[in-house]
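1. next one to model:
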Amino acid sequence: MTNPAAKPGALHLIPVPLGDADPHLTLSGSAIEAARTLDYFLAENAKSARQFLKLIAHPRPLREISIECFDKDSDRARAAELLKPLLDGRSAGVLSEAGSPAIADPGSLLVAAAHRGKIRVVPHSGPSAIMLALMASGFNGQHFEFHGYLPVGRDELKQALVTLERTSRERDITQIFIETPYRNDQLLATLCDSCKADTRLCVASDLTLPGESINSMAIADWRTGRLEIGRRPAVFLLYAR
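-> Have a look, this model is predicted:
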């Protein structure tokens with residue numbers, strides 16, 4: 001049972017590095033310090049969460065830290081259940097598998113549940129591959145849409161790309177999407193085959209990591225260069241203006 005007299009804790013949204021990197025290089029000091037004060041975490045993957053806590057030198061032994069799983073298969077009921085300790089005054093940290101929680105991430109359900117329960121939500125600064133890619137693209141940063149994963153089937157994918165391109169041209173909007181790394185080059189080939197020559201495409205890979213690459217140019221130039229992305233985490237941005 002919850003204690004009606006207790007002041008609710010806070011739900012801290014703690015970013016993590018986008019890959020195998022030192023958290024101190026890409027995370028704010030306040031995010032790291034907030035994580036070090038918590039002993040209750042809600043994470044996509046417990047193993048990754050424990051590794052992150054080791055890297056920030058969490059002062060408590062890992063065996064004394066509670067890590068509950070909240071992933072893509074979790075629902076609103078699970079979110080409400082995991083937030084019950086916060087109603088009794090305990091604070092928690094949300095850890096994404098990579099990057100900032102609640103952006104293209106199931107953590108948004110936890111945030112929504114926190115607001116319903118009048119629990120304070122505290123976002124902390126850290127890397128978001130989507131935002132970093134948009135910043136580096138040179139495309140419209142005032143009007144953009146994120147679509148997550150596009151259809152896998154070739155015909156459905158081509159139709160989706162044509163629709164996104166047309167909408168971008170008509171509404172002056174940047175279209176952002178991602179792909180499973182092993183299908184990156186397949187998606188790039190379909191983009192080159194489906195889009196108009198003057199449409200611009202940016203592919204940002206391995207952001208904040210040593211192998212980072214950001215290429216932003218017209219489809220005509222992509223067709224000539226045929227650069228390979230490989231099996232690296234990547235963000236695709238399409239802009240038809």
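2. so where's this structure uncertain?
-> 1-5 (pLDDT under 70).
3. quick check: buried residues in the longest helix along it?
-> Ranked by residue count under DSSP state H, the longest helix found in the chain is helix 154-171. Buried residues in helix 154-171, counting neighbours by 16 or more other Cβ atoms under 10 Å, are found at Leu157, Lys158, Ala160, Leu161, Leu164, Glu165, Ser168. From N, CA and C alone the C-beta is placed, and that goes for glycine too.
4. cool, stretch 126-140 as well?
-> In stretch 126-140, counting by 16+ other Cβ under 10 Å, buried: 126-134, 136-137, 139-140.
5. how long is it from one end to the other?
-> End-to-end distance of stretch 126-140 (Cα to Cα, to the nearest Å): 22 Å.
6. so Ala114 belongs to a helix, correct?
-> Yes: membership of Ala114 in a helix is supported by DSSP: H, G, I helix; E, B strand; the rest coil.
7. ok, and the closest non-adjacent residue to it?
-> What sits nearest to Ala114 in space, not counting adjacent residues and going by Cβ to Cβ, 6 or more residues apart in numbering, is Leu11, at 4.4 Å.
8. now swap in Arg183 and tell me
-> Val152 (7.5 Å).
9. could you check how far the one you found is from Ser168?
-> 22 Å (Cβ to Cβ, to the nearest Å).
10. one more: Pro210?
-> 32 Å.
11. related to what we said a few turns ago, what helix or strand is the residue nearest to Ala114 on?
-> Using DSSP states H and E, Leu11 maps to strand 10-14.
12. give me the buried positions along the helix or strand that comes right after that strand.
-> Downstream of strand 10-14, the next assigned helix or strand under DSSP H and E is helix 23-26. Using 16+ other Cβ under 10 Å as the test for burial, helix 23-26 gives Pro23, Thr26.
13. kindly report the same for stretch 212-225.
-> Under the neighbour-count criterion of 16+ other Cβ under 10 Å, stretch 212-225 has Ile214, Asn215, Ser216, Ala218, Ile219, Trp222 buried.
14. save those as a markdown table, and put in distance to Ile67 and secondary structure too.
-> Formatted as a markdown table, the buried residues of stretch 212-225 follow (distance: Cβ to Cβ, whole Å; DSSP: H, G, I helix; E, B strand; the rest coil):
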| residue | distance to Ile67 | secondary structure |
| --- | --- | --- |
| Ile214 | 34 | strand |
| Asn215 | 38 | strand |
| Ser216 | 38 | strand |
| Ala218 | 46 | strand |
| Ile219 | 44 | helix |
| Trp222 | 42 | helix |
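15. can you tell me which two in these are farthest apart?
-> Spanning the widest gap among the buried residues of stretch 212-225 are Ile214 and Ile219, at 16.6 Å by Cβ to Cβ.
16. what residues does the longest helix of the chain touch?
-> 143, 147, 150-151, 173-175, 177, 187, 190-191, 193-196, 199, 238-241 (Cβ atoms under 8 Å, 6 or more residues apart in numbering).
17. the residues you listed in helices, which ones?
-> Short answer: these in helices (DSSP H) are Leu187, Thr190, Leu191, Asp193, Ser194.
18. is there a quick ChimeraX command that grabs whichever of those are buried?
-> This is the ChimeraX syntax for the buried subset of the ones in helices among the contacts of helix 154-171, where burial follows 16+ other Cβ under 10 Å:
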select :187,190,191,194
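19. adding distance to Pro181, write the ones in helices among the contacts of helix 154-171 out as TSV.
-> Shown next, in TSV, are the ones in helices among the contacts of helix 154-171 (distance: Cβ to Cβ, whole Å):
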residue	distance to Pro181
Leu187	10
Thr190	16
Leu191	16
Asp193	20
Ser194	21
